[in-house]
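**Student:** show me how the following folds:
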Amino acid sequence: LRTRLKREESPELSTVKAKMLQDSRLWARRPLTAVLVRYALHGVMDLLDLRLDLLREARNMDASYRGRRSNAPGGRASAVKDMVIASERSVQYCHLNSDFPSP
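**Tutor:** Modelled structure (predicted):
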């Protein structure tokens, strides 16, 4: 994420990552420390920019999709449609596996 958006990672984040490796219950303790809250916020604050970047890239790819057929509704191929379908399938897959513990 940071590489794609050309963002620097703060040293504070590296510290939290190290603590996460040492303590598997770090996120289970309440209240969360200020450092953990900042880490969580830092993890999501770039998601909108990432979405916009991916959509921009997909729109640029649409030119190469011309003439292809798609399984998407309407049958017209589109990189954006294919990206949305793949994302929806990934979310469905995550829900299928929600009963299994994550590492």
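**Student:** tally of neighbours for Ala58?
**Tutor:** Counted with other CB atoms under 10 Å, residues neighbouring Ala58 total 17. Where you see a C-beta, it was placed from the backbone N, CA and C, and this is true even at glycine.
**Student:** please identify the buried residues of stretch 86-99?
**Tutor:** Buried residues in stretch 86-99, defined by neighbour count with 16 or more other CB atoms under 10 Å: none.
**Student:** give me the mean pLDDT for it.
**Tutor:** Here stretch 86-99 scores 79 as its mean pLDDT.
**Student:** how far off centre is that stretch?
**Tutor:** In this view, stretch 86-99 has its centroid 13 Å away from the chain centroid, taken as CA atoms, centre = their mean, to the nearest Å.
**Student:** can I get it in PDB, CA atoms only?
**Tutor:** Output of stretch 86-99 as PDB, limited to C-alpha atoms (Å, rounded to 0.1, in the frame of the first residue of the first chain):
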ATOM      1  CA  ALA A  86     -13.100 -10.000  -8.200                       C
ATOM      2  CA  SER A  87     -13.400  -7.800  -5.000                       C
ATOM      3  CA  GLU A  88     -16.900  -9.100  -4.300                       C
ATOM      4  CA  ARG A  89     -15.800 -12.700  -4.700                       C
ATOM      5  CA  SER A  90     -12.900 -12.100  -2.300                       C
ATOM      6  CA  VAL A  91     -15.300 -10.700   0.300                       C
ATOM      7  CA  GLN A  92     -17.600 -13.700  -0.100                       C
ATOM      8  CA  TYR A  93     -14.600 -16.000   0.200                       C
ATOM      9  CA  CYS A  94     -13.600 -14.300   3.500                       C
ATOM     10  CA  HIS A  95     -17.000 -14.900   4.900                       C
ATOM     11  CA  LEU A  96     -16.900 -18.600   4.000                       C
ATOM     12  CA  ASN A  97     -13.800 -18.900   6.100                       C
ATOM     13  CA  SER A  98     -14.900 -16.700   9.000                       C
ATOM     14  CA  ASP A  99     -15.200 -19.700  11.300                       C
END
